[in-house]
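Visitor: Provide a 3D model corresponding to the input given below.
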Amino acid sequence: MRLANRETWDMLQDLIARLVANVGVSEEQAGKAVEIILGFLKQAGPAEKVQELFDKMPGAADIAGPDAGGGMMGGGMMAAMGAMGQMQATGLGMGEVQGVTKEVVNYAREHAGNELVDEIVAAIPGISQFV
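Guide: Residues are numbered from 1 along each chain as shown. Down below sits the predicted model:
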């Protein structure tokens, strides 16, 4: 992952520290999970709402990357299963996948508010069980 600026680096480090402390995953797993989750949102979420979210989370678009989705085909449940599989491939168990996802969503809520995050979650079939 190539980070464009200091703001991106700071956001990523803050979020990684939370994941390590609150979920108990390694820094490497946390960084990859953040990249996967933000990429998933970029691919599967409503573009306008996701852009609004990323605007309120400086650096999120850089972390999600231009080719977000990492090979996840389709949207909704298929993309969710792909993201879950990618996180499990980093060594995360199902409980850790859920914990990491909840922490990232909570972080998004803190920066963008409940309403926007709830709209994005509601627009993506299958992810409400993870948040």
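
Visitor: the residue nearest in space to the middle of the chain: which element?
Guide: Nearest to the mean C-alpha position of the chain, counting by Cα atoms, centre = their mean, stands Ile37 at 2.5 Å. Counting by DSSP states H and E, the element that carries Ile37 is helix 27-44.

Visitor: can you name the element that comes right after that helix?
Guide: With secondary structure assigned by DSSP H and E, helix 27-44 is succeeded by helix 47-56.

Visitor: gap between that next one and the chain center?
Guide: Average the C-alpha atoms of helix 47-56, do the same for its chain, and the two points are 13 Å apart (Cα atoms, centre = their mean, to the nearest Å).

Visitor: quick check: next helix or strand after it?
Guide: Stepping forward along the backbone from helix 47-56, the first helix or strand reached (DSSP H and E) is helix 60-64.

Visitor: what's the distance between that following helix and the middle of its chain?
Guide: Taking the mean C-alpha point of helix 60-64 and that of its whole chain, the gap between them comes to 9 Å (Cα atoms, centre = their mean).

Visitor: rewinding a little: so the residue nearest to the centre of the chain versus Val105, what's the distance?
Guide: Taken as Cβ to Cβ, to the nearest Å, the spacing of Ile37 relative to Val105 amounts to 8 Å. Quick note: C-beta positions are derived from backbone N, CA and C, even for glycine.

Visitor: pLDDT score for the closest residue to Ser26 other than its chain neighbours?
Guide: The spatially closest residue to Ser26, leaving aside those adjacent along the chain, is Val20, at 7.1 Å (Cβ to Cβ, 6 or more residues apart in numbering). Looking at Val20, its pLDDT is 96.
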